[in-house]
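Novice: Next come a sequence and a model predicted from it.
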Amino acid sequence: MQNPRRAAGRFNPTTAVANLVRGMLIGLAELVPGVSGGTIALISGIYEPLINSASHVVSAVKRVVTGKFSEAGVELRKVRWGIVIPALLGMAIVVVAMAGVMKAFVGETPQLAKSLFLGMVLASVVVPALGIRREDLRTAGQRLGLGGLFLAAAVAAFLLTGLGGQEETVTEPAYWMVFGAAALAICALVLPGISGSFVLLTLGLYSSTLQAVQSRNMLYIVIFAAGAAVGLGLFVKGLNWLLEHKHAATMAVMSGLLLGSLRAVWPWGAGGEPLAPDAHWSVLVGLAVAGAVVVVGIVWVDRRLKRR
């Protein structure tokens, strides 16, 4: 894949295709409860450019609402459209094409699916930590503070993912519920380690949302998109500020969220409670290793490209 940070102004077909593939991987991850699209964006190298671009879009919308059209244009010119458009297109393609397939894969072979995703998430824990600069780890106080944030985030994610889901419960949700659930899920999407699909599962809207996409229920989809837009607008500005001004602390929290979220994809469990491996552990461990290898490969390619 091409380095997404290159060629900011000039269109590059190879880079566009690479970002399309990244978007497809993000979309695929978001279809799976317990796997975060933000994690895939992070390991594929486009997380911070996407958050920064989303922040500029939100600022542009605010300028338009207040009648400051020239300032809105300035904000929109700061958006990394070469990353945003292919990534969004890739996400849309996968969500529409694979919603039914992923629902069947997760529903009919949950242990196999969770094992694969367990390896992917486990290997991803170190990715945010790699973004912490050495100057942020010089003193014992700095290391202790970042370690505390890491542990706190891990515990919080572990507890949140243990709340349990109620899939199939809400078969005909009210549209206000769809709007609110979408606003919460989009916030989870942009946070590595917190799955938007898991939020929908917990709220009882996972199956209903996938069914709406499969059946092309446009009213449901439009209301869901509106809720997601509102949630993104309220959340992304703060996250972008944290990435710019509290980068090391934000990366430590993200690593902790990834570690704690392993509970959601632990393949040996029932009712949200982790259990010890059973007699078929070797197959599941093999899938977990395969998932980890995929993530390590993506990270390795991305870091090699950054050195060019």
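Specialist: Right, received. Where do you want to start? A quick note: this is a predicted structure, and the numbers were derived from the prediction, not measured.
Novice: contacts, neighbours, all on C-alpha from now
Specialist: Will do.
Novice: For this protein, just list every one of the helices.
Specialist: Applying DSSP state H to the chain gives helices spanning 13-30, 37-43, 47-65, 69-77, 81-108, 110-124, 126-130, 140-160, 175-189, 196-203, 206-214, 218-245, 247-260, 281-306.
Novice: for the stretch 51-200 of the chain, which spans come out with low pLDDT?
Specialist: 103, 106-107, 161-171, 192-195, 198 (pLDDT under 70).
Novice: Apply 90 and report the result again.
Specialist: Scanning the stretch 51-200 of the chain for pLDDT under 90 picks out the ranges 51-52, 54-55, 57-59, 61-63, 65-72, 82, 91-92, 94-143, 156-178, 180-200.
Novice: ok, now the stretch 201-308 of the chain?
Specialist: Applying pLDDT under 90 to the stretch 201-308 of the chain flags the ranges 201-217, 220-221, 225, 228-248, 250-251, 253-288, 290-308.
Novice: try it again with 80
Specialist: Residues of the stretch 201-308 of the chain that meet the criterion pLDDT under 80 lie in 201-207, 214, 234, 237, 261, 263-281, 294-295, 297-308.
Novice: Can you tell me how far residue 298 is from residue 53?
Specialist: According to CA to CA, to the nearest Å, residue 298 and residue 53 sit 23 Å apart.
Novice: and if you look at residue 262?
Specialist: From residue 262 to residue 53 the distance is 29 Å (CA to CA).
Novice: Compare those two (neighbour count), which wins?
Specialist: residue 262 (25 against 22; other CA atoms under 10 Å).
Novice: so who does that one touch?
Specialist: By CA atoms under 8 Å, 6 or more residues apart in numbering, residue 262 lies in contact with 34, 118, 121, 122, 158.
Novice: hmm, try it at 7 Å
Specialist: By CA atoms under 7 Å, 6 or more residues apart in numbering, residue 262 lies in contact with 118, 121.
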